[in-house]
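Peer 1: Here you go, sequence then predicted model.
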Amino acid sequence: MNPSIYDFSVPTSSGEQSLSDYKGKAVLIVNTASRCGYTPQYKGLQAIYEKYNKDGFEVLAFPCNQFGEQEPGDDSEIKSFCDMNYSITFPIFKKVEVNGKTAHPLYNYLKEQAPGLLGLKDIKWNFTKFLVDKDGNVIKRYAPMTEPSEIEADIKKLL
């Protein structure tokens with residue numbers, strides 16, 4: 001059987017959560033940061049989450065401090081920032097690394113399944129997005145500057 005995102009567990013404030021909890025849902029996985037030029041994308045992520053969540057769509061946010069140290073806060077500070085500024089209701093997991101020797105295994109898998117431009121695997125910046133179908137397969141990778149609204153048509157195809 002081919003591996004899927006369901007084979008991974010990710011860190012939460014209270015331990016680990018299996019991504020198998022999202023079986024049967026389309027998922028957008030995003031590495032986020034609170035002090036980035038793309039941070040306003042939280043608004044767009046929340047909008048598509050609210051629009052399609054009832055149809056089986058999830059947004060999973062993974063804060064990361066590997067790009068210009070734009071996510072320096074601890075997990076409670078990050079959550080407070082997102083609540084206060086963007087009223088985020090989708091899951092925000094514990095901070096992870098997405099590149100290098102200490103990259104979370106989920107991100108190694110995502111990068112393997114959907115390499116970036118020119119086949120490069122490393123994540124280039126905050127707000128790189130991966131769209132996953134209802135069977136846990138990585139469908140597409142989107143660049144940081146891709147607005148969440150630009151992904152809407154691809155999300156609808158999966159629902």
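Peer 2: In hand now; what should we look at?
Peer 1: tell me how far stretch 101-119 is from the chain's mean position?
Peer 2: 12 Å (C-alpha atoms, centre = their mean, to the nearest Å).
Peer 1: Cross-check the contact I'm expecting between Val96 and His104.
Peer 2: Yes - assessed by C-beta atoms under 8 Å, Val96 is found in contact with His104 at 4.2 Å. From N, CA and C alone the C-beta is placed, and that goes for glycine too.
Peer 1: quick one: common contacting residues for the two?
Peer 2: 10-11, 62 (C-beta atoms under 8 Å, 6 or more residues apart in numbering).
Peer 1: From those residues, which land in strands?
Peer 2: If you go by DSSP state E, these have 10-11, 62 in strands.
Peer 1: Just the element for Val30, please.
Peer 2: strand 26-32 (DSSP states H and E).
Peer 1: quick one on the thing from earlier: closest to Lys25 among the ones in strands among the shared contacts of Val96 and His104?
Peer 2: Val10 (14.9 Å; C-beta to C-beta).
Peer 1: Now do the closest one: how many residues are near it, please.
Peer 2: 20 (other C-beta atoms under 10 Å).
Peer 1: quick one: it from Asn108, how far?
Peer 2: 13 Å (C-beta to C-beta, to the nearest Å).
Peer 1: Quick one, grab the pLDDT at Pro115.
Peer 2: Here the pLDDT value assigned to Pro115 is 89.
Peer 1: oh sorry, the question was meant for Thr146
Peer 2: 97.
Peer 1: Contact partners for it?
Peer 2: Shown in contact with Thr146 (C-beta under 8 Å, 6+ apart): Lys129.
Peer 1: before we move on, which element is the residue lying closest to Ser34 once chain neighbours are set aside in?
Peer 2: Setting aside the residues directly before and after it, Ser34 is nearest to Phe81 in space (C-beta to C-beta, 6 or more residues apart in numbering), at 4.7 Å. Using DSSP H and E, Phe81 sits within helix 75-86.
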